[in-house]
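Student: Build the 3D model from these lines:
(2 chains)
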Amino acid sequence: MKKIVILGAGTGGTIMANKLRKALERDEWSITVVDKDPNHYYQPGFLFIPFGIYNKYDVIKPKASFIPAGVKFIINEIERVEPDKSTVYLTNGQILEYDFLIVSTGTHIKPDETPGLLGREWRKSIFDFYTHEGAVALHHFLKTWEGGDMVINIAELPFKCPVAPLEFAFLADEFFVKKGIREKVNIYYTTPLSGAFTKPKSSKMLGELLKEKNIHIIPDFYLERVDDENKKIISFDGREVKFDLLSVIPVNMGADWVARSGMGDDMNYIATDKYTLRADKWENIFVIGDASNIPTSKAGSVAHFSSDVVFENLMAAIEERPLIARFDGHSNCYIETGFGKGSLIDFNYETEPLPGTYPLPGIGPFGLLSNTRINHYGKVMFRWIYWHLLLKGRELPLESQMTMAGKEF
Amino acid sequence: MAQKVYAGKTISVTDDGYLTDPNQWTKDIAVEIAKEEGIELTDKHFAVIEYIREKTLKGDALTIRTIGKSDVIDTKGFYELFPGAPLKKASRIAGIAKPTSCV
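Tutor: The predicted structure is shown next:
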């Protein structure tokens, strides 16, 4: 019996378990999935919890319901991997040997990387919305908050879902308008980027939206520490921004077991071939989603689009064929812009987000880099698609490779 | 693409002023690019620049955080040497490509 072990049952790991179980004979290949958390979180939904649009139960389902029959699911923390021995060690003493390993343990917030962040104000006036607990705590805070300076901060690049803090700013603006306290709230957007976003066209479009909504952007702000006594954030070049409410995206890093195994870079990301998605150093390890160091967004859509390539190349490796499937870095993000509207961006390693229509050229129904109601409905419908089709590895009417058709350039 | 004369040599640079070929780089060129950025290079600057060149030419992608965690300099010091946008300025002076943030 040959063995595949999948570390992490989030978006990437779950899709791979489903695809592989369908393709591989059960009497020849065993598949084991390991994850420390029994819950599958619909992470794009965390954004909506602070504003009461989703409640805390809307984004959770048991992971086990998405793992197909014939796949062993172990809920336990990973201690370390010894890649040269093709062996995984779990903290409960269990040892798993593998012929092929798929790493899909993602990226996680590390508030302890920034001095002062986890101090007395953590979850009192400082919140993250990248965890379920953080999003729920912020929801409770916002219910009774009467206004003041709300500061949004991105502590480090790269971070998961790079449009989420912008969406947070837009939804917060709407929330305060509807609550009738918008004039009592100043919103500041502090970012280590030189503008609203990275790539020129989308940065311009999103920067203009921020301005329209009276959200003040403070660019090139690289967070050194939080002064929790005086409620200020301080950048490395000595700039200070006062806050009454700080919504922070803490430093993101790969899983701790990657560091314990000595398999990652300084940020615990595993060096991965950006085209084949195989680990640079180990021929029998593939990396899917946020856990790798490939130069594209850390986002569920990337894990989803790259799953076809990981699947093709893993099958090729099993059959000792050359790895010919190539990932193009395709990423696709809905951007909630508030008041029932949304935008959409679609890009890859080579092509920046451009205006146009998606997924059908000239028809849409979604508009790229435009601000429309239908884009918002796309995001709303996506939760259903995620739970019912995407995780199970079913075919979606979307190409995994980015296409230039429908884009204006 | 443009041509510029640094230290008596004609060098091709990008529209943002970054060298297109890191092998054309010399210390004299670095001194002149630094002047354009308003920086007078010291040995400390060169230690950082050489570290950045070595890592980048090896294929590592650098961030302000990874440089700040290195033995060469801490983040605060990096900002003091190359004020404002340390990684962008240091990369330009080091003759390597403009750093891209992978978002």
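Student: Show me which residues of chain B are close to chain A?
Tutor: Chain B comes close to chain A at residues B:60-61, B:63-66, B:69, B:75-76, B:78-79, B:83-85, B:100-103, as judged by C-beta under 8 Å from any C-beta of the partner chain. C-beta: built from backbone N, CA, C; applies to glycine.
Student: and if we set it to 10 Å?
Tutor: Neighbours of chain A within chain B, by C-beta under 10 Å from any C-beta of the partner chain: B:59-70, B:74-80, B:83-88, B:100-103.
Student: And the strands in chain B?
Tutor: Ranges of strands within chain B are B:2-6, B:9-13, based on DSSP state E.
Student: Could you list the buried residues of the last one?
Tutor: By 16 or more other C-beta atoms under 10 Å in any protein chain shown, the buried positions in strand B:9-13 come out as B:11, B:13.
Student: picking that back up, kindly reformat the strands of chain B as JSON lines containing mean pLDDT.
Tutor: Shown next, in JSON lines, are the strands of chain B (pLDDT from 0 to 100):
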{"stretch": "strand B:2-6", "mean pLDDT": "90"}
{"stretch": "strand B:9-13", "mean pLDDT": "92"}
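Student: May I see these organised as JSON lines, with distance to residue A:27 added?
Tutor: Formatted as JSON lines, the strands of chain B follow (distance: least, C-beta to C-beta, whole Å):
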{"stretch": "strand B:2-6", "distance to residue A:27": "64"}
{"stretch": "strand B:9-13", "distance to residue A:27": "61"}
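Student: what about stretch A:319-334, how long is it end to end?
Tutor: Chord length of stretch A:319-334, first to last residue, is 38 Å (C-alpha to C-alpha, to the nearest Å).
Student: Please state the offset of stretch A:156-168 from the chain centre?
Tutor: How far stretch A:156-168 lies from its chain's middle: 8 Å, per C-alpha atoms, centre = their mean, to the nearest Å.
Student: meant to ask about stretch A:138-152
Tutor: Mean-position distance between stretch A:138-152 and its chain equals 24 Å (C-alpha atoms, centre = their mean).
Student: ok, is it in contact with chain B or not?
Tutor: No - using C-beta under 10 Å from any C-beta, stretch A:138-152 stays clear of chain B, coming no nearer than 15.7 Å.
Student: Would you mark the buried spots in that stretch?
Tutor: Here stretch A:138-152 shows A:138-139, A:141-142, A:145, A:148, A:150-152 as buried, counting by 16+ other C-beta under 10 Å.
Student: now do stretch A:341-352
Tutor: In stretch A:341-352, counting by 16+ other C-beta under 10 Å, buried: A:341-349, A:351.
Student: okay, how far is it across that stretch, tip to tip?
Tutor: Per C-alpha to C-alpha, the first residue of stretch A:341-352 is 22 Å away from its last.
Student: which residues sit in contact with residue A:275?
Tutor: By C-beta atoms under 10 Å, 6 or more residues apart in numbering or on different chains, the contact set of residue A:275 is A:294, A:309, A:313, A:323-329, A:349.
Student: Just the helices from the chain, written as ranges.
Tutor: I'll assume chain A. Along chain A, counting by DSSP state H, helices occupy A:11-23, A:132-144, A:164-179, A:200-212, A:256-260, A:300-318, A:373-385.
Student: Chain B was what I was after
Tutor: B:27-36, B:43-57, B:64-68, B:75-81, B:86-93.
Student: And the contacts of the fourth one?
Tutor: Just to be clear, that refers to helix B:75-81. A:222, A:224, A:235-238, B:39, B:41-42, B:44-45, B:47-49, B:64-65, B:67-70, B:72-74, B:85-87, B:89-90.
Student: check contacts around the nearest residue to residue A:64 once chain neighbours are set aside.
Tutor: Leaving out its chain neighbours, the residue that sits closest to residue A:64 by C-beta to C-beta, 6 or more residues apart in numbering or on different chains is residue A:73, at 5.8 Å. Counting by C-beta under 10 Å, 6+ apart, residue A:73 touches A:6, A:9, A:17, A:31-35, A:38, A:63-64, A:66-67.
Student: likewise residue A:118?
Tutor: Residue A:118 sits next to A:111-112, A:126, A:226, A:228, A:250 when contact means C-beta under 10 Å, 6+ apart.
Student: which of the residues you listed count as buried?
Tutor: Neighbour-count burial (16+ other C-beta under 10 Å) is assigned, among the contacts of residue A:118, to A:111, A:126, A:226, A:228, A:250.
Student: Format the residues you listed as JSON lines; extra columns: distance to chain B and pLDDT.
Tutor: Listed next are the buried ones among the contacts of residue A:118 as JSON lines, based on distance: C-beta to the nearest C-beta, whole Å; pLDDT from 0 to 100:
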{"residue": "A:111", "distance to chain B": "15", "pLDDT": "98"}
{"residue": "A:126", "distance to chain B": "20", "pLDDT": "98"}
{"residue": "A:226", "distance to chain B": "15", "pLDDT": "98"}
{"residue": "A:228", "distance to chain B": "20", "pLDDT": "94"}
{"residue": "A:250", "distance to chain B": "13", "pLDDT": "98"}
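Student: Now intersect these with the strands, please.
Tutor: A:126, A:226.
Student: Quick check: the two most widely separated of the buried ones among the contacts of residue A:118?
Tutor: Pairwise distances across the buried ones among the contacts of residue A:118 (C-beta to C-beta) peak at 14.1 Å, for the pair A:228 and A:250.
Student: ok, which of the buried residues of stretch A:341-352 also contact chain B?
Tutor: Restricting the buried residues of stretch A:341-352 to those adjacent to chain B (criterion: C-beta under 10 Å from any C-beta) gives residue A:349.
Student: Out of the buried residues of stretch A:341-352, name the ones that lie in strands.
Tutor: Reading strands off those with DSSP E, I get A:341-347.
Student: surely residue A:154 meets residue A:222?
Tutor: Yes - assessed by C-beta atoms under 10 Å, residue A:154 is found in contact with residue A:222 at 9.5 Å.
Student: list residues touching both of these two?
Tutor: A:190-193.
Student: need those in JSON lines with distance to residue A:54, pLDDT and neighbour count, can you?
Tutor: Listed next are the shared contacts of residue A:154 and residue A:222 as JSON lines, based on distance: C-beta to C-beta, whole Å; pLDDT from 0 to 100; neighbours: other C-beta atoms under 10 Å in any protein chain shown:
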{"residue": "A:190", "distance to residue A:54": "26", "pLDDT": "98", "neighbour count": "25"}
{"residue": "A:191", "distance to residue A:54": "25", "pLDDT": "96", "neighbour count": "23"}
{"residue": "A:192", "distance to residue A:54": "29", "pLDDT": "91", "neighbour count": "23"}
{"residue": "A:193", "distance to residue A:54": "28", "pLDDT": "89", "neighbour count": "18"}
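Student: Make CSV out of those and add distance to residue A:273.
Tutor: As requested, the shared contacts of residue A:154 and residue A:222 are exported to CSV (distance: C-beta to C-beta, whole Å):
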residue, distance to residue A:273
A:190, 35
A:191, 30
A:192, 27
A:193, 27
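Student: now, which of the ones in strands among the buried residues of stretch A:341-352 sits nearest residue A:264?
Tutor: Closest to residue A:264, out of all of those and judged by C-beta to C-beta, is residue A:347, at 25.6 Å.
Student: Tell me who's in contact with that closest one.
Tutor: For residue A:347, the residues meeting the contact criterion (C-beta under 10 Å, 6+ apart) are A:198-199, A:201-202, A:296-297, A:328-333, A:353-354, A:368, A:402, A:407.
Student: go with 8 Å
Tutor: Counting by C-beta atoms under 8 Å, 6 or more residues apart in numbering or on different chains, residue A:347 touches A:199, A:329-332, A:353-354, A:402.
Student: Quick one, which of the residues you listed are buried?
Tutor: A:199, A:329-332, A:353-354, A:402.
Student: Those in strands, which ones?
Tutor: Using DSSP E, the subset of the buried ones among the contacts of residue A:347 located in strands is A:331-332.
Student: Among the buried ones among the contacts of residue A:347, which ones lie close to chain B?
Tutor: Of the buried ones among the contacts of residue A:347, not one also sits near chain B (C-beta under 8 Å from any C-beta).
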